[in-house]
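> A structural model of the following input is requested.
(one chain, ligands or ions: 1)
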Amino acid sequence: MFGQNFITDKNLILKIISLLKNDGNTLVIEIGPGQGALTTTLAKQFAKVVAIEIDRDMEEILKSKIKSDNFELIMDDVLEIDFAEMLQKYIADYKNIVLISNTPYYITSEILFRAFEISPILSQGVFMFQKEVAERICAKVGDKKYNNLSIATEFYAKAKYEFTVKRNMFNPVPKVDSAIVSLDFNENKIGDVKNALEFVNFVRKLFNNRRKTILNNVKSSIQGVDATKLLEQCEINPQLRPENLSIDDYMRLYKRIK
Ligand SMILES: C[S@@+](CC[C@H](N)C(=O)[O-])C[C@H]1O[C@@H](n2cnc3c(N)ncnc32)[C@H](O)[C@@H]1O
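You can find the predicted model right below:
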């Protein structure tokens, strides 16, 4: 019901956690701690761990497993939480704030976009995604899987496909393989545009009809502009398809109409 596939392998747990940068005073936010597979080790290694879990059945399990003072459990739906407000109380005490999640797959993109929204506060994110989604997130222009999600990710962070996780590493065993992706939020392009969210939505609209040319996508999605002229001014071949344009191409287009 809540996308629950628990990690069981100790080495895998250590391998995932080793990707997080620990400066000795790091706050880890964990989304979906479940039965505490990652959380137990996180609480031992990091200065502070705040975990957000929706499933009331996990509350007692987590509280009995992790008794250290540096562990805080928030029983709530991560999509209902005002993250920016929640983090305010920690900002003064922790310079390095990182996010980790063996993501409940039914809300992968919502969680990813939540992370993007608060990315100026975060230094890093380490996520378990479905392999297919991980490949999209990390794809670069020219790759088969490149799409607007790849561009949004490149806009907010530097993404790295760390490694594949076979389905038999989980209990219960899911239908698909997974992969670990790390996001370095310090390397981003947010400062290059006026309104980050508007830019991401702009790109999304231009992917509405992937099979059509960028010219036709501009014509149908962007009102009140001369599509041919706009593409010419931005030195973009109008016959290209949305997946042939780099993030820099999209930024030129966006800036031109702003
Ligand atoms: C894939 S399991 C991972 C559990 C654990 N971290 C592990 O690796 O074994 C996803 C977890 O996210 C929790 N979850 C699902 N939807 C959630 C939501 N909207 N808000 C907070 N937690 C959620 C589930 O209850 C579950 O514990």
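> C-alpha only now, for contacts and for neighbours.
Noted.
> what's the spacing between the residue nearest to Lys255 when sequence neighbours are not counted and the ligand?
Nearest non-adjacent residue to Lys255, counting by Cα to Cα, 6 or more residues apart in numbering: Val193, 7.3 Å away. From Val193 across to the ligand, the span is 31 Å (Cα to the nearest ligand atom, to the nearest Å).
> Identify the residues contacting Val193.
The contact partners of Val193, by Cα atoms under 8 Å, 6 or more residues apart in numbering, come to Phe199, Met251, Lys255.
> ok, the second one - contacts?
Contacts for Met251 (Cα under 8 Å, 6+ apart) come out as Val193, Phe199.
> Quickly find the element holding it.
Assigned by DSSP states H and E, Met251 falls within helix 247-257.
> Could I get the phi/psi values of Gly125?
phi -140, psi 140 (degrees, to the nearest 10).
> Leu183: what secondary structure?
Following DSSP: H, G, I helix; E, B strand; the rest coil, Leu183 is assigned to strand.
> Is it in contact with Lys158, as I believe?
Yes: applying Cα atoms under 8 Å, one finds Leu183 in contact with Lys158, separated by 5.5 Å.
> Settle it for me: which of the two has more neighbours?
Each of Leu183 and Lys158 has its neighbours counted (other Cα atoms under 10 Å); Leu183 has more, 28 against 17.
> now the more buried one: how far from Met128?
From Leu183 across to Met128, the span is 11 Å (Cα to Cα, to the nearest Å).
> Could you do Ile17 as well?
On the measure of Cα to Cα, Ile17 and Met128 end up 11 Å apart.
> who has more neighbours, those two?
Just comparing Ile17 and Met128: by other Cα under 10 Å the higher neighbour count belongs to Met128, 24 against 18.
> The host helix or strand of the more buried one near the ligand at all?
Element membership for Met128, per DSSP H and E: strand 124-130. No: using Cα under 6 Å from any ligand atom, strand 124-130 stays clear of the ligand, coming no nearer than 8.2 Å.
> Now the phi/psi pair for the closest residue to the ligand within the stretch 101-250 of the chain, please.
For the stretch 101-250 of the chain, the residue closest to the ligand is Pro104, as judged by Cα to the nearest ligand atom, at 4.3 Å. Dihedral angles of Pro104 (phi, psi; degrees, to the nearest 10) stand at phi -70, psi 120.
> Need the per-residue pLDDT for the closest residue to it other than its chain neighbours.
In this structure, Pro104 finds its nearest non-sequential neighbour in Gly3, 4.7 Å apart by Cα to Cα, 6+ apart. Here the pLDDT value assigned to Gly3 is 87.
> Return the residues in contact with Gly3.
Applying Cα under 8 Å, 6+ apart, we find Gly3 in contact with Pro104, Tyr105, Tyr106.
> And the closest residue in space to the last one that isn't next to it in sequence, how close does it get to Asn171?
Just to be clear, that refers to Tyr106. Distance criterion Cα to Cα, 6+ apart; nearest residue to Tyr106, sequence neighbours excluded, is Gly3 at 6.4 Å. As for Gly3, its distance to Asn171 is 11 Å (criterion: Cα to Cα).
> Overlap in contacts, these two.
By Cα under 8 Å, 6+ apart, no residue touches both Gly3 and Asn171.
> Now do the contacts for the nearest residue to Arg252 once chain neighbours are set aside.
Leaving aside its sequence neighbours, Arg252 sits nearest to Cys234 (Cα to Cα, 6+ apart; 6.2 Å). Counting by Cα under 8 Å, 6+ apart, Cys234 touches Asp249, Arg252, Leu253, Arg256.
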